[in-house]
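Colleague: Just the structure for this:
(one chain, ligands or ions: 1)
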Amino acid sequence: MQTYDAIVIGCGGMGSSIICALAQRGVRVLGIDQYAVPHRRGSSHGQTRIIRQAYFEHPDYVPLLLEAYRQWAELEACAGHKLLHQTGLLQVGPLDGFLVPGVRASADAHQLPIETFTGREIAENFPGFRAAEDCVGLFERQAGYLLVEKAISAYLDQAIKAGAQILTDRQPARWSVDGQGVRVAVGEEVFAAGQLVVAAGSWTNQLVVDLGVELQVVKKHMYWFANESSRYHHQSPVFFYETPQGYFYGFPQLDARGIKVADHRGGERVADPGRMDATIDRDDQRRIEDFLCDHLPDISPQVTDHQVCMYTRSPDDHFIIDRHPHLPQVVLATGFSGHGYKFAPVVGRAVADIVAEGKSPLPIDFFALKRFAGPTGSGDVE
Ligand SMILES: Cc1cc2nc3c(=O)[nH]c(=O)nc-3n(C[C@H](O)[C@H](O)[C@H](O)COP(=O)(O)OP(=O)(O)OC[C@H]3O[C@@H](n4cnc5c(N)ncnc54)[C@H](O)[C@@H]3O)c2cc1C
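Modeller: The predicted structure follows:
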């Protein structure tokens, strides 16, 4: 039986970064995934993810984001190609909504530069974008997008260079406690390790069945719309709108499919992530088309591509990065709640700190499980 210092289940958005960070510290690590990675069946596909600093979700994320920017630049330098494109981000919403006050709170707390526009000024300054007169636009110049599949491949390449072993496209891994360590089975093969990292995204509920915290998995649709206007070219801003109908966001045109648009709110519950139905939801599509018609009027309503993806939501929509409450040899990185990818380098470093040093100096206490009342359960899953 092969033995490792650590085994990571999941080589997706977070797992790839965690495996790389562990290997670069000299930890003997095995990364396992049920699919060939990157793939389209989890939470880390669809070409792009937004990265931003004035974080409307909470100002406590900002120091981690500043660190993430530094680490994305390091990964780009190692990979030899660009992964983070700083196109700027236009965020639009009512003054008394969730988005605009949240962006301002983070910008004020951390002295981040944000430019403000009235509803009318948005149309003048950002041709191709419209907003209601009573809305405000906040432009964050250092924001932009990440190329998600390329970044996963870059992390796995660097991990292998640093000595990690990667096992993909196999049966789902199962694990059990083995004294102070763990055993992980993949089909007939069994591996042993001192520590286990569960970075299994929407499959976490299946792997850690009695954590005492409910992770809700929801299906999200992404649509690409044909574009013939030069107003949404590849360097035009990423956008995020809070409207009464949803939180609509999108990306400039990167290829022949046109622009990508989706709604951050809502989502149908997924009982079994391995059997997610990928059919288009016509009502959801219609809401996106109505949004485009009102706010990006130069876009054609012709859908050129559609993909589904999953959010794994924690009860408060903040991340979970912690040791298992009863099994110190098991570390969890989950509950990224539809906004985690931009943090992938920091999650990698934080988890590697926990595995290698016992604790991370990064300010991640607010991701600890103790914030939820009374986690129970052994997590001892066969
Ligand atoms: C539509 C959409 C838009 C998003 N937009 C943004 C955004 O703009 N900005 C942002 O920062 N974040 C965004 N997010 C969130 C972000 O993409 C996710 O938080 C992040 O990618 C989650 O990564 P993960 O590693 O947890 O999951 P995944 O990448 O899904 O990785 C989990 C992996 O574990 C593997 N696995 C699970 N169980 C097993 C098992 N038993 N054995 C072997 N392998 C297993 C799976 O195959 C999978 O590869 C978005 C998410 C979606 C769905």
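
Colleague: and the stretch 251-382 of the chain, which of its residues are near the ligand?
Modeller: 262, 309-311, 336, 338-342 (C-beta under 6 Å from any ligand atom). Every residue, glycine included, has its C-beta placed from N, CA and C.

Colleague: repeat that for 5 Å
Modeller: Neighbours of the ligand within the stretch 251-382 of the chain, by C-beta under 5 Å from any ligand atom: 309, 336, 338-342.

Colleague: Tell me which of these fall in strands.
Modeller: C309 (DSSP state E).

Colleague: Against D157, how distant is L30?
Modeller: Going from L30 to D157 by C-beta to C-beta, to the nearest Å gives 16 Å.

Colleague: More neighbours: these two, which one.
Modeller: Between L30 and D157, counting by other C-beta atoms under 10 Å, L30 is the more crowded of the two (24 against 14).

Colleague: In its sheet, which strands sit next to the helix or strand harbouring the more buried one, and in what direction?
Modeller: Assessed by DSSP states H and E, L30 sits inside strand 29-32. The pairing partners recorded for strand 29-32 under DSSP bridges are strand 2-9 (parallel), strand 165-167 (parallel).

Colleague: May I have the residues that are in contact with A79?
Modeller: Residues near A79 by C-beta atoms under 8 Å, 6 or more residues apart in numbering: 154, 157-158.

Colleague: now, which of those sits nearest P172?
Modeller: D157 (24.2 Å; C-beta to C-beta).

Colleague: what's that closest one in contact with, if anything?
Modeller: A79.

Colleague: I'd assumed it was in a strand, is it?
Modeller: No. Read with DSSP: H, G, I helix; E, B strand; the rest coil, D157 is helix and lies in no strand.

Colleague: I'd like the distance between it and the ligand.
Modeller: In this view, D157 and the ligand are 16 Å apart by C-beta to the nearest ligand atom, to the nearest Å.

Colleague: likewise H221?
Modeller: From H221 to the ligand the distance is 8 Å (C-beta to the nearest ligand atom).

Colleague: With adjacent residues omitted, what lies nearest to Q329?
Modeller: Q195 (5.0 Å; C-beta to C-beta, 6 or more residues apart in numbering).

Colleague: re the thing from before, could you dump the strands paired with strand 29-32 into a markdown table and include mean neighbour count, distance to the ligand and mean pLDDT?
Modeller: Shown next, in a markdown table, are these (neighbours: other C-beta atoms under 10 Å; distance: least, C-beta to the nearest ligand atom, whole Å; pLDDT from 0 to 100):
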| stretch | mean neighbour count | distance to the ligand | mean pLDDT |
| --- | --- | --- | --- |
| strand 2-9 | 23 | 5 | 98 |
| strand 165-167 | 18 | 9 | 98 |
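
Colleague: now these as TSV including distance to R104?
Modeller: What follows is the strands paired with strand 29-32, written out as TSV (distance: least, C-beta to C-beta, whole Å):
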stretch	distance to R104
strand 2-9	38
strand 165-167	43
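
Colleague: Any idea which of the ones you listed gets closest to G179?
Modeller: The nearest among these, by C-beta to C-beta, is strand 2-9 at 12.4 Å.

Colleague: contacting residues around that closest one?
Modeller: 15, 18-19, 22, 27-33, 165, 173, 175, 182, 184, 191-200, 207, 355.

Colleague: and it, how far from the chain's centre?
Modeller: The chain centroid and the centroid of strand 2-9 are separated by 24 Å under C-alpha atoms, centre = their mean, to the nearest Å.

Colleague: at contact distance from the ligand, anything in whichever helix or strand comes after it?
Modeller: Per DSSP H and E, the first helix or strand lying C-terminal to strand 2-9 is helix 13-24. Yes. On the criterion C-beta under 5 Å from any ligand atom, helix 13-24 is in touch with the ligand at 13-14.

Colleague: Tell me what angle helix 13-24 forms with strand 2-9.
Modeller: Using axes from the mean of the first three to the mean of the last three C-alpha atoms, to 10 degrees, one finds that helix 13-24 and strand 2-9 are set 150 degrees apart in direction.

Colleague: Check which helices and strands helix 13-24 is in contact with.
Modeller: strand 2-9, strand 29-32, helix 148-161, strand 189-198, strand 330-334, helix 344-357 (3 or more C-beta pairs under 8 Å, 6 or more residues apart in numbering; DSSP states H and E).

Colleague: In the next helix or strand after the fourth one, which residues are buried?
Modeller: When you say that, I think you mean strand 189-198. Toward the C-terminal end, the helix or strand that comes next after strand 189-198 (DSSP H and E) is helix 204-207. Neighbour-count burial for helix 204-207 flags 204-205, 207 (criterion: 16 or more other C-beta atoms under 10 Å).

Colleague: starting at the chain centroid, how far to helix 204-207?
Modeller: With C-alpha atoms, centre = their mean as the basis, helix 204-207 stands 18 Å off its chain's centre.

Colleague: got the contact list for it?
Modeller: Contacts of helix 204-207 (C-beta under 8 Å, 6+ apart): 9, 172-173, 175, 198, 200, 215, 217, 273, 312, 332, 334-335, 381.

Colleague: all helices for this structure, in order.
Modeller: Using DSSP state H, the helices of the chain run over residues 13-24, 62-79, 99-109, 119-125, 148-161, 204-207, 282-295, 344-357.

Colleague: R313: what's it in contact with?
Modeller: 215-218, 335, 337-338.
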